[in-house]
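Colleague: quick one: sequence and predicted model below, then my questions.
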Number of protein chains: 2
Amino acid sequence: MAAEIFPSYPPELSQTQLSYLLQTLTDYSLSHGLTVRPAESFVSEKLSPNGSLATHAPVTLFPSPFPRSCWDEGRAVQRGYNELYARVAGNEEWLEKIMVELSEVDDFMARLHKVHLDVKAEGFVQPLSLGLFRSDYMIHVSPEDPRATPVIHQVEFNTIASSFGALSTRVSELHRHLAKMGAYPSDSIINVESIPVSPALQESAKGLAVAHKAYGSGGKGRSTAVFMIIQPGEKNVFDQRWLEYELLEKHGVQTYRISLPDVPKLTKLASGTRALIYSPPHAPNMQIEISTVYFRAGYGPGDYAGEDDWAARTTLERSRAIKCPSVITQLAGAKKIQQVLAMDGAVEKFLVDQSISSRIRSTFAAIHPLDQSPPGMAARKLALEKPDTYVLKPQREGGGNNIYRGDIPGFLKSIPESHWSGYILMELIEPPALENTIIRNGGLMSGGVIGELGVYGAILWRDGEGEERGKGLKEILMNEEAGWLLRTKGRQSDEGGVAAGFGSVDAVLLVD
Amino acid sequence: MAAEIFPSYPPELSQTQLSYLLQTLTDYSLSHGLTVRPAESFVSEKLSPNGSLATHAPVTLFPSPFPRSCWDEGRAVQRGYNELYARVAGNEEWLEKIMVELSEVDDFMARLHKVHLDVKAEGFVQPLSLGLFRSDYMIHVSPEDPRATPVIHQVEFNTIASSFGALSTRVSELHRHLAKMGAYPSDSIINVESIPVSPALQESAKGLAVAHKAYGSGGKGRSTAVFMIIQPGEKNVFDQRWLEYELLEKHGVQTYRISLPDVPKLTKLASGTRALIYSPPHAPNMQIEISTVYFRAGYGPGDYAGEDDWAARTTLERSRAIKCPSVITQLAGAKKIQQVLAMDGAVEKFLVDQSISSRIRSTFAAIHPLDQSPPGMAARKLALEKPDTYVLKPQREGGGNNIYRGDIPGFLKSIPESHWSGYILMELIEPPALENTIIRNGGLMSGGVIGELGVYGAILWRDGEGEERGKGLKEILMNEEAGWLLRTKGRQSDEGGVAAGFGSVDAVLLVD
């Protein structure tokens, strides 16, 4: 049973109040680019020639209450997380063992790893790496002590294609506008001051601009620009476009959108320098040198239709352009890494400042080994006697399904005890009960929801060169917390207690 | 034959250039609220629940070349025009004769005039009037001397519901963005510096804010706000919404949208002060005092379904709120007034500064009486012998159809010469030849176009009070040129040479 820390929310609306709220919300969203291309199932391509229609992004009608201490904490640890993952990506000795293990069970990871190793064998020509990360959390309220201060527990850490930054900025502006326009009942807890504007759009663009500038001038007088690697037919295009507009208007930096299949046709590497040279199809005589390759595609196996796409990724990795992220940084975002970091004291290895590493560690859900060490034996007792707040996960990714709660004792008893150490026992995140209404394609869905707070980070670092590559990062040139995102999904009971159903972008309503 | 002062425009595009231009244009428009609700014929209401879809406004792919001297002149005379029409509206003695004549042939004008007279009989309680005007021009190139400097000739002067201000700001930003993104061939004449951003959105909102502030505080501690009178089901809603957002964000002024039929249900006049008190349907216990009534509806007979709507208009006119415009100001925008101003030296009567009145007069198309005065006799000769650049119009509005060009001599000969003085001879505007492409609902239309430059003006003035009302305005509190609009329509040959076909919003590309 989820803890009720947000009682009587959202406020009830009369029919006229709802109608005013919807009109105000819809027009504001469609004016301010809080938009997506409509899904095929909503509006067919035939009806929208040249992509001429947009609909508002799926959003919540109300900002969701969020404990201020949780929001503060997520933002406070982000710079530490940025550094942690940059140091992970820069330490191949530590990564190697995990990568080999992962590669055995995951072809996609294996292939990515091969790209990295191939380029490493040839030698990298760009020591700088850019990370635009997002650390995702859920609020956790201990079921045993629902009055304890809620905390955040990390769900995952994204090192590639962290999306919704621009829409998170826009949705916080939307909810503030609705509050200013009197669209929420005046006796509700919603007020403008408690809805901070997420600077994710501005800060992400700034990260790209800093990398672009650090790249320096193009060779032979070529002008420089940023690449955004996109999926063909992307529906979340406006979230991406805003970064491009911000880069152009605030930083004077041009961005070109390109899909992986087009990379071989439209680019070449300058001999020697391996500068990435782009000739746009609309101006084939131009030669533009790409300073920074920002991936909004390429994060999953579905983005690589065949060898040509892998060759394209390899070309980008080989090039002198700064990658956001490099292949090794993408690999550092594997779920398995998150698990290893939580288990083996690696956080303290990478971050020597104890005050930072301990705060990061406190955002991890508790993970216990089931081996024969004293903590392992204690965890075995928990698993057999009080399993209701735990999930049992195989240590090897891809090694089987997770076992939830009451199923754990029976499962453990069904396998030989010698195999138990192949599993870990992980505390489930128990988000508090909350209701909200999501509007999507103009239709409303009300009920229980679960929110996921993503905190963005931007970090630019320098790896070692030549033989020193992979032996620890050399210098951090920029390290910033870069705004946040609240994604809210319909709560559907599933065994894992993990958020499911349609997602929407949401704003935090800070509560003390 | 139209003069060719803009040869080889627009630049030719390859298929890839066109595709890049369209994608860039569409995404920018849909991000930045250069949008309209799709027409029913394009997307049915059923497919767009809660108005959840938007499409880009009809726009030109290229900014249209426009002579800088014409643009300068239109802007330079706008403050004079503002004052001229404010003084016309404030001088009922001069207006009265025309109104009586107009009322005989035009029921709508008659009804509006009655509203004015009824409220006048009771007495006005608000001496301030706001005008957000737009003076519309076409470029005129004398067919007899196509190398002469092009000039602007006025098409009409709008004193109510001058629209497209916000979209004109957005489309100039769009065309600048396209130029910055390299979407126009680099060897074309299009460059960012030649595409000024129209400040129509900001200046129109400022005009409303100045009126709002001049109104002063509400009675009994009531908060104040602006009314926007709208048509139900308005498709051009985002053009209106931007004014609302600008008023809120820059000036801290709330705007409420209301249709005429809702006025009686949701407002009342405070007894004595006749303050206009609004209780929003979503917050029926609130009492908001309306400072300024801004009409984006009510300009034509179609906006008055019956007596209730006329009663609503009368209530608004009787109220203490500042009207934008008042009924008499709306009447001052009648086509007939424009004609009379051009004929009888009235400009000089209202504007004593000769340098201003003569510049205004030079924007009028030449109008000649056909009476027996010496100028009239000269005009009769023109009409019979060189009619090709003229239109013959009845003096009395609604008195019959216009006769164009070569049809004039035959028509004159078919009626008794004693009736000739009932007509005027007016020079036709001859816009130069120009080509462009309009995108509307995602579809393209290329070919000859005609542009119409609208220059916005904002003026706040004080009329006389009591017996002095209608005897000339007392004080001008603000008088500004307020940006511009270029509307571009497909050129279709019709007898009048008047622009026809689909319209689009466009930006000026200034050429010297």
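Modeller: That came in fine, so what should we check first? Computed from a prediction, not measured in an experiment: that's the story for all the values here.
Colleague: for the rest of this, base every contact and every neighbour count on C-alpha atoms.
Modeller: Will do.
Colleague: nearest residue to A:I195 other than its sequence neighbours?
Modeller: Of all residues beyond its chain neighbours, the one nearest A:I195 is A:L509 (5.0 Å), with distances taken as CA to CA, 6 or more residues apart in numbering or on different chains.
Colleague: A:G447 and A:T488 touch, don't they?
Modeller: No: look at A:G447 against A:T488 with CA atoms under 8 Å: they stay out of range, at 11.4 Å.
Colleague: what about those two, which has more around it?
Modeller: In terms of neighbours (other CA atoms under 10 Å in any protein chain shown), A:T488 is the more surrounded of A:G447 and A:T488; the figures are 28 against 14.
Colleague: hang on, the earlier thing: the residue nearest to A:I195 contacts A:W71, correct?
Modeller: No: contact criterion CA under 8 Å: A:L509 and A:W71 do not qualify, at 10.1 Å.
Colleague: the residue of the stretch 251-400 of chain A found nearest chain B: neighbouring residues, count only.
Modeller: Minimum separation of the stretch 251-400 of chain A from chain B (CA to the nearest CA) falls at A:H282, amounting to 4.4 Å. A:H282 has 20 neighbours, counted by other CA under 10 Å.
Colleague: what helix or strand does A:R147 sit in?
Modeller: In the assignment (DSSP states H and E), A:R147 maps to no helix and no strand.
Colleague: to clarify, my last question referred to A:L382.
Modeller: Using DSSP H and E, the element containing A:L382 is helix A:374-385.
Colleague: which strands and helices sit next to that helix?
Modeller: In this structure, helix A:374-385 makes packing contacts with strand A:367-369, helix A:407-414, judged by 3 or more CA pairs under 8 Å, 6 or more residues apart in numbering or on different chains; DSSP states H and E.
Colleague: which of those sits most buried?
Modeller: The densest packing among these, expressed as mean neighbour count by mean count of other CA atoms under 10 Å in any protein chain shown, is seen in strand A:367-369 with a mean of 22.
Colleague: contacts for it next, please.
Modeller: If you take CA atoms under 8 Å, 6 or more residues apart in numbering or on different chains as the criterion, strand A:367-369 is touched by A:A342, A:M343, A:P375, A:G376, A:A379, A:S421, A:Y423, A:I424, A:L425, A:M426, A:E427.
Colleague: try it again at 10 Å.
Modeller: Counting contacts by CA atoms under 10 Å, 6 or more residues apart in numbering or on different chains, the residues outside strand A:367-369 that touch it are A:339-340, A:342-344, A:375-380, A:382-383, A:390-393, A:395, A:420-428.
Colleague: what's the answer for stretch A:271-280, then?
Modeller: With CA under 10 Å, 6+ apart as the test, stretch A:271-280 has contacts from A:124-126, A:218-219, A:222, A:224-225, A:227, A:256-258, A:263-270, A:284-293, A:315-316, A:318-321, B:16-17, B:20, B:182.
Colleague: so which bits of it are buried?
Modeller: A:R274, A:A275, A:L276, A:I277, A:Y278, A:S279, A:P280 (16 or more other CA atoms under 10 Å in any protein chain shown).
Colleague: thinking again about what came up before, show the average pLDDT along the helix or strand following the helix holding A:L382.
Modeller: Read in the C-terminal direction, the helix or strand following helix A:374-385 is strand A:390-394, with elements assigned using DSSP H and E. Regarding strand A:390-394, the rounded mean pLDDT is 88.
Colleague: near chain B, which residues of the stretch 1-150 of chain A? Just list them.
Modeller: A:13-38, A:42-43, A:47-57 (CA under 10 Å from any CA of the partner chain).
Colleague: switch the cut-off to 6 Å
Modeller: Applying CA under 6 Å from any CA of the partner chain, we find that the stretch 1-150 of chain A lies next to chain B at A:T16, A:Q17, A:S31, A:H32, A:G33, A:P49, A:N50, A:S52, A:L53, A:A54, A:T55.
Colleague: can you give me the domain boundaries for chain A?
Modeller: In terms of domains, chain A is parsed into A:15-365+A:429-510, A:366-428 (source: the TED database).
Colleague: start to end distance for the first one?
Modeller: Across its full length, domain A:15-365+A:429-510 reaches 27 Å between end residues, using CA to CA, to the nearest Å.
Colleague: now that domain, how far from the centre of its chain.
Modeller: The chain centroid and the centroid of domain A:15-365+A:429-510 are separated by 4 Å under CA atoms, centre = their mean, to the nearest Å.
Colleague: which residues of chain A score low on pLDDT?
Modeller: A:1, A:344, A:396-400, A:493-502 (pLDDT under 70).
Colleague: swap the cut-off to 50 and go again
Modeller: When the per-residue scores of chain A are filtered using pLDDT under 50, the ranges that remain are A:493-500.
Colleague: could you pull out the helices in the stretch 101-250 of chain A for me?
Modeller: Counting by DSSP state H, counting those that start in this stretch, residue ranges of the helices within the stretch 101-250 of chain A are A:107-122, A:165-180, A:200-215, A:237-251.
Colleague: so which of those is nearest B:V327?
Modeller: Evaluated with CA to CA, these place helix A:165-180 nearest to B:V327, the distance being 32.2 Å.
Colleague: longest strand in chain A, please.
Modeller: Of all the segments of type strand in chain A, defined by DSSP state E, the longest one is strand A:443-463.
Colleague: A:S259 touches A:G233, doesn't it?
Modeller: No: in this structure, A:S259 sits apart from A:G233 without contact. The criterion is CA atoms under 6 Å, and the distance is 9.9 Å.
Colleague: who has more neighbours, these two?
Modeller: In this view A:S259 and A:G233 are compared by other CA under 10 Å, and A:S259 has more residues nearby, 20 against 10.
Colleague: now do the same contact list for that one.
Modeller: With contacts taken as CA atoms under 6 Å, 6 or more residues apart in numbering or on different chains, A:S259 has the following neighbours: A:I229, A:I230, A:Q231.
Colleague: burial measure for the last one, as a count.
Modeller: When you say that, I think you mean A:Q231. For A:Q231, the neighbour count with other CA under 10 Å is 20.
Colleague: ok, the first one next?
Modeller: By other CA under 10 Å, the residues close to A:I229 number 21.
Colleague: any idea what it is bridged to?
Modeller: In this structure, A:I229 has the following beta-bridge partners (DSSP bridges): A:I258, A:F295.
Colleague: thought it was touching A:F295?
Modeller: Yes: between A:I229 and A:F295 there is a contact under CA under 6 Å: 4.8 Å.
Colleague: roughly how far apart are the closest residue to chain B within the stretch 301-450 of chain A and A:R170?
Modeller: Nearest to chain B, among the residues of the stretch 301-450 of chain A, is A:G442, at 5.1 Å (CA to the nearest CA). A:G442 sits 18 Å away from A:R170 when distances are taken as CA to CA.
Colleague: so these two - more neighbours on which side?
Modeller: Here A:G442 and A:R170 are set side by side on neighbour count (other CA under 10 Å), and the busier one is A:R170, at 27 against 19.
Colleague: buried residues in stretch A:185-203?
Modeller: For stretch A:185-203, the neighbour count (16+ other CA under 10 Å) marks A:185, A:190-192, A:194-203 as buried.
Colleague: what residues does it touch?
Modeller: Applying CA under 6 Å, 6+ apart, the set of residues contacting stretch A:185-203 is A:G165, A:A166, A:T169, A:S172, A:R176, A:A179, A:A482, A:G483, A:W484, A:V508, A:L509, A:L510.
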